[in-house]
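Trainee: got a structure for you, letters missing:
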């Protein structure tokens, strides 16, 4: 006999069935929102994966076309690789949940969401995220949840919560907010130049609604939750840290990492690594953990200097943007091209125009959206960070960054009547040292204009970072983060927009959420930098 839980959410019934299907998974729910049905499962390996220094989480979102009564196109007639929407949905589920797993957990975890039925009134993406949160919360996998997610639309100046498919297509805002009990943990938005104060109002309204869902999840966990299993911690031993500091003092590490040239810093760290490998040559256990230990040592050094002394690795002021440069028409024989450089981040975007017949056809679960005329593609080759790696085509990161830039630029494009062309922009990453996605928005704005596309206004993007201390009031927000500040910081808060409002937001964090004050400051800081 299975257990059934129900609540009213934004005027529709949310139902969760526990112990009905997939009982061999660590946690599983069959979640219904209206007539949308998703099977969400959470599974973990028994032992940690050896030889890694990260948490191996995989999030899958499977779109079954039978869910909307369609047979897949093409000769194969079965679902193939994940669609762009499926990849983006997996990323949206991953981002709020990843920080809530223990940092020293190395067991493989897979969150799988199979969309089995789609009701146009109830988004399957939202349903899947809630399903993943509940399946993980009731499982025996260590997880500091629960978390919940709400979508917000803006129609005729009024907020609409968890809008249906029709409302989504007429909305000036497509906002997704995930929260824990106390804080906002993820924000993603596409908007038609929504002012900052209206965006903040929407974010906090969604956070408030998330608390009702979390209370509902708590009820399910109280009745069906399994005890969390113990695990083998992969944290770096304190004895190793102490031994490293005897050989490399904090002052030496500070001198090594504080430079505005990425290659110089990497060379400094390589020399430190060689020195430590030689010192610990007889200790195989410590040698295996040395890479992670050096990373943690760098992280503590950078965070301390930023938070306590307001000193950034490249010597900039807290609100200072790196040097900017821009060029147009640098590539001959293309319709439009532009290169945008910010510090050691450099993007070249090329624009191509074509007849509307070249618009992209979409084969997915949204029956109202079957094609799009604007396509933004983003590429990130290994040479952009001085590495060598065979290209295997676009990964989830490339797809996500391309979609973010596309979302940022759509609101300023001319209508089909004004400009009857299909438009493709391709952003090539020449150099990367932080926030290439936002640089690609800047380069694309110029490239579109160079190609003669009559955009309504220029769009710019910038990213803010965060370093937190021991309390909610002990923090510092950084404008225009470079790679090191992204790696060692707590937040990557990307905001794009025009002079008049926001067109896109994507927020990634590594901590258990942001306070209202941090969100307000980040939004204000990105506006200042954008202008």
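Mentor: Good, I have the coordinates. Keep in mind that what you see is a predicted model, and the values were worked out from it rather than measured.
Trainee: quick one: stretch 176-183 to chain centroid distance?
Mentor: 15 Å (CA atoms, centre = their mean, to the nearest Å).
Trainee: Kindly apply the preceding question to stretch 94-105 instead.
Mentor: On the basis of CA atoms, centre = their mean, stretch 94-105 is displaced by 13 Å from the centre of the chain it belongs to.
Trainee: Also stretch 44-63?
Mentor: 18 Å.
Trainee: Give the partner strands of the top strand by length along the chain in its sheet and their orientations.
Mentor: Criterion DSSP state E: the longest strand present in the chain is strand 36-48. Sheet pairing of strand 36-48 (DSSP bridges) gives strand 27-33 (antiparallel), strand 107-117 (antiparallel).
Trainee: Please identify the buried residues of the longest one?
Mentor: When burial is assessed from 16 or more other CB atoms under 10 Å, strand 107-117 yields the following buried residues: 107, 108, 109, 110, 111, 112, 113, 114, 115, 117. No exception for glycine: its C-beta is placed from N, CA and C like everyone else's.
Trainee: ok so, going back, got JSON lines for the strands paired with strand 36-48, with mean pLDDT and distance to residue 404 too?
Mentor: Putting the strands paired with strand 36-48 into JSON lines (pLDDT from 0 to 100; distance: least, CB to CB, whole Å) gives the following:
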{"stretch": "strand 27-33", "mean pLDDT": "98", "distance to residue 404": "26"}
{"stretch": "strand 107-117", "mean pLDDT": "98", "distance to residue 404": "21"}
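Trainee: Helices of the stretch 301-450 of the chain, residue ranges please.
Mentor: Using DSSP state H, counting those that start in this stretch, the helices assigned to the stretch 301-450 of the chain run over residues 396-409, 436-450.
Trainee: Give me the packing partners of the next helix or strand after the longest one, helices and strands only.
Mentor: Read it as helix 436-450. Using DSSP states H and E, the helix or strand that follows helix 436-450 towards the C-terminus is strand 460-468. Strand 460-468 makes packing contacts with helix 284-309, helix 436-450, strand 475-479, helix 483-488, strand 491-497, helix 516-530 when contacts are defined by 3 or more CB pairs under 8 Å, 6 or more residues apart in numbering; DSSP states H and E.
Trainee: Residue 122: which of these is closest?
Mentor: Nearest of those to residue 122, taken as CB to CB: helix 516-530 at 27.5 Å.
Trainee: Let me see the mean pLDDT of that closest one.
Mentor: The pLDDT scores in helix 516-530 average 96.
Trainee: which other helices and strands contact it?
Mentor: Using 3+ CB pairs under 8 Å, 6+ apart, helix 516-530 sits against helix 196-224, strand 460-468, strand 475-479, strand 491-497.
Trainee: In which helix or strand does residue 252 reside?
Mentor: helix 250-257.
Trainee: Quick one: list the elements packing against the helix or strand just after that helix.
Mentor: Per DSSP H and E, the first helix or strand lying C-terminal to helix 250-257 is helix 262-279. Counting contacts by 3+ CB pairs under 8 Å, 6+ apart, helix 262-279 packs against helix 238-247, helix 250-257, helix 284-309, helix 483-488.
Trainee: If we use 6 Å, what do you get?
Mentor: Packed against helix 262-279 by the contact rule (3 or more CB pairs under 6 Å, 6 or more residues apart in numbering; DSSP states H and E) you find helix 250-257.
Trainee: quick one on the thing from earlier: adding distance to residue 443, write the strands paired with strand 36-48 out as CSV.
Mentor: As requested, the strands paired with strand 36-48 are exported to CSV (distance: least, CB to CB, whole Å):
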stretch, distance to residue 443
strand 27-33, 39
strand 107-117, 34
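Trainee: Out of those, which gets nearest to residue 216?
Mentor: Shortest distance between residue 216 and the strands paired with strand 36-48, using CB to CB, is found for strand 27-33: 11.5 Å.
Trainee: Would you format the buried residues of strand 107-117 as TSV with distance to residue 521 included?
Mentor: Compiled in TSV, those are given as follows (distance: CB to CB, whole Å):
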residue	distance to residue 521
107	36
108	37
109	33
110	36
111	32
112	37
113	34
114	40
115	38
117	42
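Trainee: Closest to residue 58 out of these?
Mentor: Residue 58 lies nearest to residue 110 out of these, by CB to CB, at 4.6 Å.
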